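Participant: below: sequence and its predicted model.
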Amino acid sequence: MFPEASRQTVNTGSFDYEDKDYTSDDGSKYSDKFGFGWKSMMTSLRLTSSLSSNMYLSSNLYYTNLNNFKYLQQKYTSSNDNMNLKNNIFSNLEEFGLKSKMEHKLNNDNTLFYGIDLSRQYFKPEYMEKTVDKNSMIYETGRLSLKTIGVFVFDELAIADWMLGAGLRSSAYSNGNKTLFTVEPRIKASKLLGDKNKLMLAYDYTAQPMHSLHETTYTVQCDFWVPFQENKLPVAQQYSIGWKNYATSNLTISLEAYWKEMENLLRIDNLGYYIDYHDSYTIGKGRSYGLEFMAQYGYKKFSTWLSYTLSKSTRTFDSGKQPFKYDSPNDVSAFVSYDVHKKMTGRIHCHLICSTVQVSHTIFLR
């Protein structure tokens, strides 16, 4: 059979802006502009092929760009003086990668998945630019990089009404100075309960070769990404149990509870010292648990989902337990998309999708 190819580009972001303009009694004019947030861009090219009646290959070549930022612009104008001040701070992460997965149906009840992942990340952890009138000063920590190669195997077996799965993933991460290896087991199980209900159980052990950092003072609203420098990677063990109901052919409802334990997490006291000298940081643990409800609906070109999450996330360091910066006990999220254009040329599919994502009633504890 001929291969199928598809391309997708997605841009997302979250921003918070505030502008102030006012005039004093003597006629002087002041202008303040402040904003912070994040934005991301992802583009990918996917190729799927049927190699035989029981073997399928799926490959994905992708590029992502993540950017956290904060800016401040102040302008002062009077009859005797003018002043223009700009402060820009951002952190950037670029990633190029290739993922390739093989699906091998051994028989009607047993399917084997295996594949390889390759990626290269480039980090610009901290870039600061200050401009007073026409004079600019720039501070940056330089460009860091990370190479990743991973292989995985996952076996899925159907026994009566049960679907059992177990697998391993092994990865090598190199930051240019040292290389670390990981082995990550995963176990999944699900059972059909009648025609429209399913029980789901899962255990996942994962490692992360990079840190999303923020200073404990929170004087800078944006976070900073850096590759690992320690001899141990941040790792997590997650246990989950869920229920899914196929109410109709177009509507699915699910409920999932999870418990996650994390180790080798970092708390940064001084970001510059950490990046330049690998100093001024503390290693600790984390815990996260919660309950998520989700409803998904799709009809022809229209699709949407709505979710509510009740959760708690904490971090524990030498000074004791403390709330996580992004702990959001109550979170409501909604997504809507409509495929406004669909074109197929030969075996190549092209889609133009309009979508809106809205997150509301999210509470952050600091």
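Facilitator: In hand now; what should we look at?

Participant: nearest spatial neighbour of residue 70, chain-adjacent residues omitted?
Facilitator: residue 36 (4.0 Å; C-beta to C-beta, 6 or more residues apart in numbering). For the C-beta atoms, the positions are set from N, CA and C on the backbone; glycine is no exception.

Participant: give me the neighbour count for that neighbour.
Facilitator: Using other C-beta atoms under 10 Å, residue 36 is surrounded by 19 other residues.

Participant: surely it touches residue 72?
Facilitator: No. With contacts counted by C-beta atoms under 8 Å, residue 36 stays clear of residue 72, the gap being 9.2 Å.

Participant: which residue ranges of the stretch 101-250 of the chain form strands?
Facilitator: Under the criterion DSSP state E, counting those that start in this stretch, the stretch 101-250 of the chain contains strands at 110-132, 135-140, 144-159, 162-174, 179-193, 197-207, 210-213, 224-227, 235-245.

Participant: for the stretch 51-200 of the chain, give me the ranges with low pLDDT.
Facilitator: Judged against pLDDT under 70, the low-scoring parts of the stretch 51-200 of the chain cover residues 79.

Participant: again, only using 80
Facilitator: 68-85, 87-90, 125-128, 132-135, 138-142 (pLDDT under 80).

Participant: where does the stretch 251-366 of the chain have low pLDDT?
Facilitator: In the stretch 251-366 of the chain, residues with pLDDT under 80: 268-277, 319, 322-328, 337-366.

Participant: would you state the helices of it in chain order?
Facilitator: 271-277 (DSSP state H, counting those that start in this stretch).

Participant: tell me where it has strands.
Facilitator: 251-268, 281-299, 302-317, 320-323, 330-345, 348-360.

Participant: could I get those as a markdown table with mean neighbour count and distance to residue 230?
Facilitator: Converted to a markdown table, these look like this (neighbours: other C-beta atoms under 10 Å; distance: least, C-beta to C-beta, whole Å):
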| stretch | mean neighbour count | distance to residue 230 |
| --- | --- | --- |
| strand 251-268 | 17 | 7 |
| strand 281-299 | 16 | 7 |
| strand 302-317 | 16 | 15 |
| strand 320-323 | 12 | 21 |
| strand 330-345 | 13 | 31 |
| strand 348-360 | 12 | 32 |
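
Participant: now render these as CSV, adding distance to residue 51.
Facilitator: Shown next, in CSV, are those (distance: least, C-beta to C-beta, whole Å):
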stretch, distance to residue 51
strand 251-268, 31
strand 281-299, 30
strand 302-317, 30
strand 320-323, 50
strand 330-345, 22
strand 348-360, 19
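
Participant: out of the ones you listed, flag the one nearest residue 180.
Facilitator: strand 251-268 (11.2 Å; C-beta to C-beta).

Participant: can you spell out which helices and strands pack onto that closest one?
Facilitator: strand 210-213, strand 235-245, strand 281-299, strand 302-317 (3 or more C-beta pairs under 8 Å, 6 or more residues apart in numbering; DSSP states H and E).
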